[in-house]
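Chemist: only geometry, no sequence info:
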């Protein structure tokens, strides 16, 4: 079915969730489908190349990873499943991931940072990428990127150079070296890291697939770092996905005289990304949860919310919205805690999120004795 | 008396405010003073060199500008008078200003921007200063700076180069060329712009005077732009004064590999300064009030506050504090309006300000009918 609906398809995801994948596959084949699914599946519903695809993948040392597999990064994908499909087009959880490489996708994405940027990078950008990525990878962080020219390629190379882990997420089939000039790089990543795509083998990269691909880069990492970006850059889109997922978007500044830094400066200026200059600052933002909490943050039994939940809720604005970083400053909680608490609050319908951060949704009045 | 208490002295300012300057001078001479003033005046209260000082100033084409003079920048100094003397040491309004130069201090500081930065500036910093200051000065903005080596000197020169207006604020007497290597530059500024100090002629620059001087640089401008700054930079102090005065602090990013940009990146990262890359962005922050307001912002008679006041008050946090920029985003009001409204709200005791911005002070409950 990954081949029938190429790329994310919320409607099919929910159908599978509802009736199970086998039943869903049958429904698609026979076209006994809700209106919402007729269109997306009509073209290719006849296709059944599962056997051939899997055989092909096996030949190139690849595999299909589905939500039922042990290495499926369920926790990573949770963020995507919580997005509002109405607002976040292409935000759906992938049906499955086509994967090449010796490592477990689950383990590799446990401590991961996405490093992306301009295709036309400058010498400065390449150098900075090498330094920051080298430090991150050497400290055990997996580097996720898109294998494109410029910053992406540098990020993968810098990770491999220190024997670090790296994941290349493609907008085409994992059997296709794209860009062609990165064939050797991709082969090395498939050999020592992971090459991942939600598109079946043979799929050619189309523009809209890159945007959907960017969401996976963000979803597979604890944060997105943009090293260089022009004014109209795909990296900005990847950073936006990170924010939607409640994860930090970071950008490296550069000379204001360099066109390759314009996008980074804009993101920082507009509050879309936090300025970072060193690996330590990146880790500081994306770093692991600090679980020891001050006493006054211990859960308060008198309240439906835990200590940190209510501390975060207390500083959420009703008008406008705020970034996790600001909420951390104002609540006095570690940023990581705030970021962990927000999705929980959202699930309880107490907070919402938009482009600029998170906001409070007033609790409906609890019915009084007369109600 | 400018000579008796060298530099800002809140106690003397309020004495003068209370009894008038002549009476105050008499009190100082006779030492009939509140405890708070005995110390500061003890050393030099005998001094009476007014006549000699004025004669000296006249000889170098200078003058003493007091709050009674028409060219006293009263509106500019209002911000200083509203600072909490307890918290903002050295925050007092200067008793008077010693001024050299052909222009009116009032008019020159009407549309002014402070441009300051590292003494050890890089070629990049010098170039950027030249470009941004050139654009600002050419558009009629007065450039205020401290005549120091590096960025300060470049800022003055770039303003003079386009026949723009510039004000040098010194931490020593205006008769002393400091630094000595800038004697010619200072002479040219005194010739075509203004050289200003609150210290009487002959005063030598001491460390603490630079900090007090920085507050005047900020007070005389609509905003402070830091082009380059090392980690421990006086520019950060000048930017802090701007924020305390409710005016924008801005910083120009640079290569993360340059020590001269570390301070700017830190200020941007910590939310102490807004990232700017062009003169237009600087003007956008510091620029003149846009007075046309959307209908829904028209004053609401049912409320003690005007439309914009309540709009701003509504988005002020009770916990933590927020920068005017954020308040503007969240209230939907132009930044300039927000900045104009905040001091008014502060005067009414409804908002407070700290290092990180502005916060709401809850209104005391109005007494009910039974009170």
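Modeler: Okay, I see it. Computed from a predicted structure; not experimentally measured.

Chemist: Neighbours of residue A:232, how many?
Modeler: Neighbourhood size, residue A:232 [other CB atoms under 10 Å in any protein chain shown]: 8. Yep, even glycine has a C-beta here, placed from its N, CA and C like the rest.

Chemist: Please report the distance of it from chain B.
Modeler: Distance, residue A:232 to chain B, using CB to the nearest CB, to the nearest Å: 17 Å.

Chemist: Contacts only, for that residue.
Modeler: Residues near residue A:232 by CB atoms under 8 Å, 6 or more residues apart in numbering or on different chains: residue A:263.

Chemist: can you do 10 Å?
Modeler: If a contact means CB atoms under 10 Å, 6 or more residues apart in numbering or on different chains, then residue A:232 has A:262, A:263 as its contacts.

Chemist: what secondary structure does it sit in?
Modeler: coil (DSSP: H, G, I helix; E, B strand; the rest coil).

Chemist: Could you measure from it over to residue A:224?
Modeler: As judged by CB to CB, to the nearest Å, residue A:232 and residue A:224 stand 17 Å apart.

Chemist: cool, residue A:117 as well?
Modeler: Distance, residue A:117 to residue A:224, using CB to CB: 10 Å.

Chemist: Residue A:48 too?
Modeler: Taken as CB to CB, the span from residue A:48 to residue A:224 is 37 Å.

Chemist: Between those two, tell me which one has more neighbours.
Modeler: More crowded of residue A:48 and residue A:224, by other CB under 10 Å: residue A:224, with 29 against 14.

Chemist: Can you pull the residues of the stretch 101-250 of chain A lying near chain B?
Modeler: A:124, A:127, A:128, A:131, A:132, A:227 (CB under 10 Å from any CB of the partner chain).

Chemist: Next, the buried residues of the longest helix along chain A.
Modeler: Using DSSP state H, we find that the single longest helix of chain A is helix A:123-138. Using 16 or more other CB atoms under 10 Å in any protein chain shown as the test for burial, helix A:123-138 gives A:124-130, A:132-137.

Chemist: Quick one: the helices in the stretch 1-150 of chain A, in order.
Modeler: A:10-19, A:21-30, A:35-42, A:50-59, A:74-81, A:105-108, A:123-138 (DSSP state H, counting those that start in this stretch).

Chemist: low-confidence ranges in the stretch 201-350 of chain A?
Modeler: A:288-304 (pLDDT under 70).

Chemist: the domain parsing of chain A - what is it?
Modeler: Chain A resolves into domains spanning A:1-47, A:49-286, A:294-360 when parsed by automatic domain parsing.

Chemist: Packed most tightly, which of those would that be?
Modeler: Highest mean neighbour count among those (mean count of other CB atoms under 10 Å in any protein chain shown): domain A:49-286, with a mean of 21.

Chemist: That one: end-to-end distance?
Modeler: By CA to CA, to the nearest Å, the extent of domain A:49-286 from end to end equals 40 Å.

Chemist: Then stretch A:152-171?
Modeler: Span of stretch A:152-171 from end to end, CA to CA: 14 Å.

Chemist: model confidence over the longest helix of chain A, on average?
Modeler: In this model, helix A:123-138 carries a mean pLDDT of 97.

Chemist: Which strands or helices does it pack on?
Modeler: strand A:112-116, strand A:142-145, helix A:151-161, strand A:224-226, helix A:279-286 (3 or more CB pairs under 10 Å, 6 or more residues apart in numbering or on different chains; DSSP states H and E).

Chemist: what angle separates that helix from helix A:151-161?
Modeler: Counting by axes from the mean of the first three to the mean of the last three CA atoms, to 10 degrees, helix A:123-138 points 40 degrees away from the direction of helix A:151-161.

Chemist: how far is helix A:123-138 from where the chain is centred?
Modeler: Helix A:123-138 has its C-alpha centroid displaced from the chain centroid by 21 Å (CA atoms, centre = their mean, to the nearest Å).

Chemist: Run through the residues that contact residue A:74.
Modeler: Contact analysis of residue A:74 by CB under 10 Å, 6+ apart lists A:67, A:81, A:93, A:106.

Chemist: and those residues, which two are the farthest apart?
Modeler: Maximum pairwise distance among those (CB to CB): 16.4 Å, between A:81 and A:106.

Chemist: Can you tell me the closest non-neighbouring residue to residue A:114?
Modeler: residue A:221 (3.9 Å; CB to CB, 6 or more residues apart in numbering or on different chains).

Chemist: so that neighbour makes contact with residue A:250?
Modeler: No: counting by CB atoms under 10 Å, residue A:221 does not reach residue A:250; the two are 11.1 Å apart.

Chemist: ok so, going back, of all the contacts of residue A:74, which comes closest to chain B?
Modeler: residue A:81 (29.6 Å; CB to the nearest CB).

Chemist: Leaving out sequence neighbours, find the closest residue to the closest one.
Modeler: residue A:93 (5.0 Å).

Chemist: Surely that neighbour touches residue A:10?
Modeler: Yes: the criterion here is CB under 10 Å, and residue A:93 meets it with residue A:10 at 8.5 Å.

Chemist: Kindly point out which residues are neighbours of both of those two.
Modeler: Taking CB under 10 Å, 6+ apart as the criterion, residue A:93 and residue A:10 both touch A:80, A:81, A:83.

Chemist: can you give me the strands for the stretch 201-350 of chain A?
Modeler: A:224-226, A:249-251, A:274-275 (DSSP state E, counting those that start in this stretch).

Chemist: returning to what we had before: may I ask which of the contacts of residue A:74 comes out lowest in pLDDT?
Modeler: Out of those, that is residue A:81, at 84.

Chemist: can you tell me which residues contact it?
Modeler: Contacts of residue A:81 (CB under 10 Å, 6+ apart): A:10, A:13, A:14, A:17, A:74, A:91, A:92, A:93.

Chemist: Can you convert the residues you listed into CSV and add a column each for distance to residue B:311?
Modeler: Converted to CSV, the contacts of residue A:81 look like this (distance: CB to CB, whole Å):
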residue, distance to residue B:311
A:10, 38
A:13, 42
A:14, 41
A:17, 44
A:74, 44
A:91, 33
A:92, 38
A:93, 40
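
Chemist: Now residue A:168: closest residue in space that isn't a chain neighbour?
Modeler: Take residue A:168 and drop its neighbours on the chain: the residue closest to it by CB to CB, 6+ apart is residue A:147, 4.1 Å away.

Chemist: surely the one you found meets residue A:184?
Modeler: No: contact criterion CB under 10 Å: residue A:147 and residue A:184 do not qualify, at 11.5 Å.

Chemist: which neighbours do those two share?
Modeler: The contact sets of residue A:147 and residue A:184 overlap at residue A:177 (CB under 10 Å, 6+ apart).

Chemist: where does the stretch 1-150 of chain A have low pLDDT?
Modeler: Those would be A:85-89, if you go by pLDDT under 70 across the stretch 1-150 of chain A.

Chemist: again, only using 50
Modeler: Of all residues in the stretch 1-150 of chain A, none has pLDDT under 50.

Chemist: how close does the closest residue in space to residue A:12 that isn't next to it in sequence sit to chain B?
Modeler: Counting by CB to CB, 6+ apart, residue A:5 is the residue found nearest to residue A:12 once chain neighbours are left out, at 5.2 Å. Distance from residue A:5 to chain B, counting by CB to the nearest CB: 38 Å.

Chemist: cool, and residue A:7?
Modeler: Where chain B is concerned, residue A:7 sits at a distance of 34 Å (CB to the nearest CB).

Chemist: try residue A:42
Modeler: Distance from residue A:42 to chain B, by CB to the nearest CB: 44 Å.

Chemist: residue contacts, that residue?
Modeler: A:4, A:28, A:31, A:33.

Chemist: can you tell me how far the closest residue to the first one other than its chain neighbours sits from residue A:26?
Modeler: Going back to what we said before, that points to residue A:4. In this structure, residue A:4 finds its nearest non-sequential neighbour in residue A:44, 4.8 Å apart by CB to CB, 6+ apart. To residue A:26, residue A:44 is 16 Å away according to CB to CB.

Chemist: Okay then, goodbye and thanks.
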